[in-house]
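>>> need the 3D shape of this:
(one chain, ligands or ions: 1)
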Amino acid sequence: MIEIKNLSKRYGALTAVNDISFTVRPGEVLGFLGPNGAGKSTTMKMITGFLTPTSGSISVCGHDVENDPLAAKAVMGYLPEGAPSYGEMTVRGFLEFIANVRGLTGDRRRARLDDVVGRLQLGSVLEQMIETLSKGFKRRVGLAQSLLHDPQVLILDEPTDGLDPNQKHHVRTLINDMAKDKIIVISTHILEEVDAVCNRAIIIAGGRLLADATPKELAARAPSGRLDDVFREITTGQKNAA
Ligand SMILES: Nc1ncnc2c1ncn2[C@@H]1O[C@H](COP(=O)(O)OP(=O)(O)OP(=O)(O)O)[C@@H](O)[C@H]1O
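Next up is the predicted model:
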């Protein structure tokens, strides 16, 4: 379970995340929606322990992220925005490095490496330097590193950004396949993605949580029944659907 209580983050005078609370349970694929600058990436960085909150608390599978960061990070996989990695490494070298960081050894290490290389279809680029890969392949390498230790919790910041339609479909299928017993939080601007993979959606804007419902319930709030109309109404302040 992820438990977020009264979470805030200020950058100087700017409040990027403003008193957000929510809980995510196993089996939930939570879509984190909001316009540019809403505070999605900042929230994900705090959940994964890369940013310290100004106030509030986060617990992941019973581990407090601030007080017990190693245990919390061990149960999470994280795909950061833009999927930064080490461009001068080969794909194989990078995944081996991540396997070391995650403490994977022996048969399990081999099995996990084979699994992510197969799932993300990286077999043809294993010996290629990451900086020479296409954007889509770089993203898939980022996803592979997030899945390598088969974490209970996946935090994916715009996982299909930069992928062509076929690869988007492939990654959405992958997320659906993993959804049953994991906790998955994905941020996205693509509302069709929410329909395709999420069973719950949170909308934030200006750092505030404005809606928390199933995609179906949210869509039903607009006369048109369209999620993009609800998104626009909520995030431009024409109507607060919280
Ligand atoms: N390190 C930082 N220093 C100062 N301001 C920051 C910093 N990081 C983010 N911000 C600001 O905080 C706000 C929230 O940013 P954040 O990246 O969390 O939004 P987002 O919802 O992920 O946006 P996008 O969809 O464009 O990725 C923005 O106004 C952003 O400019």
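>>> what about the strands in this structure?
Under the criterion DSSP state E, strands of the chain are mapped to 2-11, 14-24, 29-33, 55-60, 63-64, 76-79, 153-157, 183-188, 200-205, 208-213.
>>> may I see the buried residues of the longest one?
When burial is assessed from 16 or more other Cβ atoms under 10 Å, strand 14-24 yields the following buried residues: 15-18, 20, 22, 24. C-beta: built from backbone N, CA, C; applies to glycine.
>>> of those residues, closest to the ligand?
Set against the ligand, the nearest of those by Cβ to the nearest ligand atom is residue 16 (3.4 Å).
>>> the closest one reaches residue 207, doesn't it?
Yes. Counting by Cβ atoms under 8 Å, residue 207 is a contact partner of residue 16 at 5.4 Å.
>>> list residues touching both of these two?
Listed as contacting both residue 16 and residue 207 by Cβ atoms under 8 Å, 6 or more residues apart in numbering are 9, 39, 42.
>>> of those, buried ones?
Using 16+ other Cβ under 10 Å, the buried ones in those are 9, 39, 42.
>>> tell me which of those is nearest to residue 237?
Nearest to residue 237 among these is residue 39, at 15.6 Å by Cβ to Cβ.
>>> so that closest one sits against residue 16, correct?
Yes. Between residue 39 and residue 16 there is a contact at 4.8 Å, judged by Cβ under 8 Å.
>>> what sits in contact with each of the two?
9, 207.
>>> next, the contact list for the residue most central in space within the chain, please.
Residue closest to the average C-alpha location in the chain (Cα atoms, centre = their mean): residue 156, at 1.7 Å. By Cβ under 8 Å, 6+ apart, the contact set of residue 156 is 78-79, 143, 146, 175, 184-187.
>>> residues of this protein that sit close to the ligand?
Applying Cβ under 6 Å from any ligand atom, one finds that the chain approaches the ligand through 11, 14, 16, 34, 36-42.
>>> swap the cut-off to 8 Å and go again
Contact residues (Cβ under 8 Å from any ligand atom) of the chain with the ligand: 9, 11-12, 14, 16-17, 34-45, 81, 157-158, 187, 189, 204, 207.
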